[in-house]
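> how does the following fold in three dimensions:
(chains A, B, C and D)
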Number of protein chains: 2
Amino acid sequence: MRVHERNYRQYCGLAAGLDAVGERWTLLVVRELLLGPRRYNELLADLPGIGTNLLADRLKKLCALGVAERFDSGAGHAYRLGPRGAELRPTVLALSKWGVGLLGEPSADMVTRPHWALLAVQAMADASVLPELCESYEFQVDDEIFHLTVAGGTVSVQRGPAAHAVLRIHTDATTFIRIGAGALGPFEALATGMLTMSGERDAVLRCAGILGLRDRSGSPEAR
Amino acid sequence: MRVHERNYRQYCGLAAGLDAVGERWTLLVVRELLLGPRRYNELLADLPGIGTNLLADRLKKLCALGVAERFDSGAGHAYRLGPRGAELRPTVLALSKWGVGLLGEPSADMVTRPHWALLAVQAMADASVLPELCESYEFQVDDEIFHLTVAGGTVSVQRGPAAHAVLRIHTDATTFIRIGAGALGPFEALATGMLTMSGERDAVLRCAGILGLRDRSGSPEAR
DNA sequence: CTGCATCCGCCTCGATACTG
DNA sequence: CAGTATCGAGGCGGATGCAG
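Numbering: from 1, shown residues only, chains lettered A, B, ... in the order given. You can find the predicted model right below:
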């Protein structure tokens, strides 16, 4: 393991935060754990290119910080978010929301995981635009099912199907992120069949409003 | 310059954000620019250890992304935040707020800058705890003067003196961050003279409330 | 078979020297 | 003042090996 850890030596919250989770891959590990417990090999599979020693080092440091913690899970053990890890959610969501604007069209060598859409929805959703609204939308992205509930100007996103969804949306992970990235308009995706839905017709407008989505009027901006 | 930029190759907002500003020193450069325009040598002075080539590389990349931009400033040129840079403020504040909890007592080899306190206040301030409040507080941290204005459940932090402050606070940068880090109670700092203030006596309680500060009742936790 | 540790080549980083 | 050039050290990425 490292003997002389590299740190900024600045008495500042941001520098301390970066010393803790600013190294390469670290926040991506946190992202995975934000979406539920994960085994070591599952993390390896969803973080292609990380290298086994790096993942072990990062997990060790995250556990030492209280961001993550190891626990027994039947066969072997797994990792889940620790107390300090949950408090990283606003940071991860803020950077996700900012970074999605930099995504153009996906290139062939990029990987996508359906559960990342769960994070994307949390980052995009803002219920304050429709404070009076109170309803649920269900998403199926590849084989991942989750739902978004709006109530009293706040949103919550959870895994699994919704009890009473006014709208059910079905698409694949790449299409989903493309819409979030603005590379594809939501109604264009609907028209071309890349996205299908069932439920109340009007609800799609409210759902798009909550997610801050608008169809692009001009030409698609590839990069 | 680098030829083969290292990136995560994930179609995900967080990964894209980290590809852009996740490298070492980058977010600290953004922090400096969030507090106003800076010259190259000023950045070097406030980021000890960065190395001249690294700073040049980071600035070049930030300019290419639209996070920063170069402009003429009388004598020579300087750097300021670009359009994409302002949108990074929530991310920087979120990580600052999280990271400040990891700061213990300052060690001898750590540097502190008074203008970092400006960021710390923005990260800590939450006016929703006192939605009816409408007043200003002025801070002088070393030679840096700024003020916090609360109105209608929102806060704004700006450089310079306040027009009508109900409270004026004077301290040094290290003490200020120690209080934010929880290593020193605000009223303890006041009692020991490390922090002085003038204005309405009651306002200090409201100000501490806005900043989420509470005196520690137990023993100081050094690390 | 999962969960790492070790080893090695390469690229980023950090420091210094140097130039417009 | 504002960077560029250079070079050693170390973090990173990939392959392999080994223990529970």
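
> show me the contacts for the residue nearest the centre of chain A.
Compute the mean C-alpha point of chain A, and by CA atoms, centre = their mean the closest residue is residue A:119, 1.8 Å away. With contact set as CB atoms under 8 Å, 6 or more residues apart in numbering or on different chains, residue A:119 has these partners: A:31, A:34-35, A:92-93, A:96, B:12-14. C-beta coordinates here come from the backbone N, C-alpha and C atoms, glycine included.

> which of the residues you listed are close to DNA strand C?
Among these, no residue sits close to DNA strand C (CB under 7 Å from any atom of the strand).

> can you list these in CSV and add neighbour count and secondary structure?
Listed next are these as CSV, based on neighbours: other CB atoms under 10 Å in any protein chain shown; DSSP: H, G, I helix; E, B strand; the rest coil:
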residue, neighbour count, secondary structure
A:31, 26, helix
A:34, 20, helix
A:35, 18, coil
A:92, 25, helix
A:93, 23, helix
A:96, 26, helix
B:12, 27, coil
B:13, 28, helix
B:14, 29, helix
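
> quick one: low-confidence parts of chain A?
Within chain A, the segments meeting pLDDT under 70 span A:1-4, A:215-223.

> let me see the ranges of the strands in it.
All strands of chain A, identified by DSSP state E, fall at A:68-72, A:77-81, A:134-141, A:144-151, A:154-159, A:165-171, A:195-199.

> in this structure residue A:101 contacts residue A:212, no?
No - using CB atoms under 8 Å, residue A:101 is not in contact with residue A:212; the gap is 11.3 Å.

> neighbour count winner among the two?
Remark: of residue A:101 and residue A:212, residue A:101 carries more neighbours, 16 against 13, as counted by other CB atoms under 10 Å in any protein chain shown.

> contacting residues for the more buried one?
A:181-182, B:84, B:87.

> follow-up on the earlier one: of the strands of chain A, flag the one that's most buried.
Across the strands of chain A, averaging neighbours per residue (mean count of other CB atoms under 10 Å in any protein chain shown) puts strand A:134-141 on top, at a mean of 21.

> quick one: buried residues of stretch A:56-72?
A:57-59, A:61-62, A:67-69 (16 or more other CB atoms under 10 Å in any protein chain shown).

> could you export those as CSV, including distance to DNA strand C?
Shown next, in CSV, are the buried residues of stretch A:56-72 (distance: CB to the nearest atom of the strand, whole Å):
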residue, distance to DNA strand C
A:57, 7
A:58, 10
A:59, 7
A:61, 11
A:62, 12
A:67, 15
A:68, 11
A:69, 12
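
> max pairwise distance over those residues: which two?
A:57 and A:69 (16.3 Å; CB to CB).

> tally of neighbours for the nearest residue to residue A:15 once chain neighbours are set aside?
The shortest distance from residue A:15 to any non-neighbouring residue, by CB to CB, 6 or more residues apart in numbering or on different chains, is to residue A:8 (4.2 Å). Residues lying near residue A:8 (other CB under 10 Å) number 21.

> elements contacting the longest helix along chain A?
As assigned by DSSP state H, the longest helix anywhere in chain A is helix A:52-65. In terms of contacts (3 or more CB pairs under 8 Å, 6 or more residues apart in numbering or on different chains; DSSP states H and E), helix A:52-65 is packed against helix A:13-21, helix A:26-34, helix A:40-46, strand A:68-72.

> near chain B, anything from the second one?
Yes - judged by CB under 8 Å from any CB of the partner chain, helix A:26-34 comes into contact with chain B through A:27-28, A:31.

> that helix packs against which elements?
Applying 3+ CB pairs under 8 Å, 6+ apart, we find helix A:26-34 packed against helix A:40-46, helix A:52-65, strand A:68-72, strand A:77-81, helix A:83-86, helix A:89-100, helix A:116-124, helix B:13-21.

> looking at those, which is nearest to residue B:205?
With respect to residue B:205, and counting by CB to CB, the nearest of the helices and strands packed on helix A:26-34 is helix A:89-100 at 26.5 Å.

> and the angle for that closest one with helix B:13-21?
70 degrees (axes from the mean of the first three to the mean of the last three CA atoms, to 10 degrees).

> so what touches helix A:89-100?
By CB under 8 Å, 6+ apart, helix A:89-100 touches A:17, A:27, A:30-31, A:34, A:119-120, A:122-124, A:177, A:180-181, B:12-20, B:84, B:87-88, B:90-91, B:94-95, B:97-98.

> now the buried members of those residues.
Applying 16+ other CB under 10 Å to the contacts of helix A:89-100 flags A:17, A:27, A:30-31, A:34, A:119-120, A:122-124, A:177, A:180-181, B:12-20, B:84, B:87-88, B:90-91, B:94-95, B:97-98 as buried.

> how near is residue A:37 to residue A:82?
12 Å (CB to CB, to the nearest Å).

> now residue A:203
37 Å.

> now swap in residue A:184 and tell me
Counting by CB to CB, the gap from residue A:184 to residue A:82 is 37 Å.
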